[in-house]
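Trainee: Give me the fold of what follows.
(chains A and B)
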Amino acid sequence: MVCSKHPVSAAMFMIISLVGVAALFVLLEAFFLAVLQILVYAGAVMVLFLFIIMLLDVGPDGGKASRMKLISGFAGGFAVALLVVVFLIMIQDSGLLKSDSQWLPINDSAALTDGTNLHFSTSVKNFGFGLMTKYMLPLQISGFLLLAAMVGVIVLSKKEQGSTN
Amino acid sequence: MESVSPSHYLFLSLLLFSIGFFGVLLRRNLLLILMSLELMLNGINLALVTFSRTSLNLDGSIFVFFIMTVAAAEVAVGLALLVALYKKRGSVFSEDMNVLTN
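Mentor: Take a look at the predicted model:
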């Protein structure tokens, strides 16, 4: 996706990888999140991207070579190498992944919560319960954030009053 | 056949994050930079769901839900800003955004 010259083909590859991540969510038995991923990302966000690409009529990058390309490539390579090292150390050290290769079975008929922890479940019921109890305030804040984003987008895309063009 | 373990998922999420990171660093089209940001967020989401599944704790999944919400809002505002910028300067390439240099 980051290598394709044309923005439209980059967006198409992006959709493929987003659907792939949704499939991985299905494999991880997070079905609700998989549906959400398809709806929100592949459905809404990428359509918005494609719409803007076509609205602005952006072509391929062209031959303009960036001066910073080499140095930022090196910096990025170094950062990713650092990330890989930290990742490997984390994998080795964490007790969580000691019993690798075997997945704990999900018990859907268990209670929703044991006081502090919400139990992982394939059903949406647990998800809604978690959102409405432990994460009530973040839910309302994110709703307010969406409202603010909507108002912001309307203000940004409105034609400026009194401008000549 | 070797079964898929949590660390495979984590490695894939690291890979997604790195690809997005390189996209942010190396691309000059602001639209593609925004798209690469989305890819980075997706890598993080995958890692969070993996941890949530391995520890059988729903908190990680709910975090993914909130990350998706914030990402959607961020894309909407970012693209609106990009359109406004394009109207003002007639370009979406990052090297043309040089008002502050002189």
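
Trainee: Is the closest residue to residue B:23 other than its chain neighbours within a helix or a strand, and which one?
Mentor: Excluding the flanking residues, the one nearest residue B:23 by CB to CB, 6 or more residues apart in numbering or on different chains is residue B:36, at 2.9 Å. Using the backbone N, CA and C atoms, a C-beta is placed for each residue, glycine as well. Element membership for residue B:36, per DSSP states H and E: helix B:30-54.

Trainee: on that earlier part again, quick one, grab the pLDDT at the residue nearest to residue B:23.
Mentor: With respect to pLDDT, residue B:36 scores 93.

Trainee: which residues touch it?
Mentor: Shown in contact with residue B:36 (CB atoms under 8 Å, 6 or more residues apart in numbering or on different chains): A:1, A:2, B:19, B:20, B:21, B:22, B:23, B:24, B:27.

Trainee: repeat that with 6 Å
Mentor: With contact taken as CB atoms under 6 Å, 6 or more residues apart in numbering or on different chains, residue B:36 is in contact with B:20, B:23, B:24.

Trainee: Mind listing what's buried along the host helix or strand of the second one?
Mentor: Residue B:23 belongs to helix B:6-26 when elements are defined using DSSP H and E. The neighbour-count check on helix B:6-26 (16 or more other CB atoms under 10 Å in any protein chain shown) flags B:6-7, B:9-14, B:16-26 as buried.

Trainee: rewinding a little: just the closest of the contacts of residue B:36 to chain A, please.
Mentor: Comparing these against chain A with CB to the nearest CB picks out residue B:23 as the nearest, at 3.7 Å.

Trainee: Any stretches of chain B with poor pLDDT?
Mentor: Scanning chain B for pLDDT under 70 picks out B:1-2, B:102.

Trainee: Write out the residues of it neighbouring chain A.
Mentor: B:3, B:5-7, B:14, B:18-19, B:22-23, B:25, B:28, B:31-32, B:35, B:42, B:46, B:49, B:52-54, B:56-58, B:61-62, B:64, B:66, B:68-69, B:72-73, B:75-77, B:79-80, B:84, B:86, B:92 (CB under 6 Å from any CB of the partner chain).
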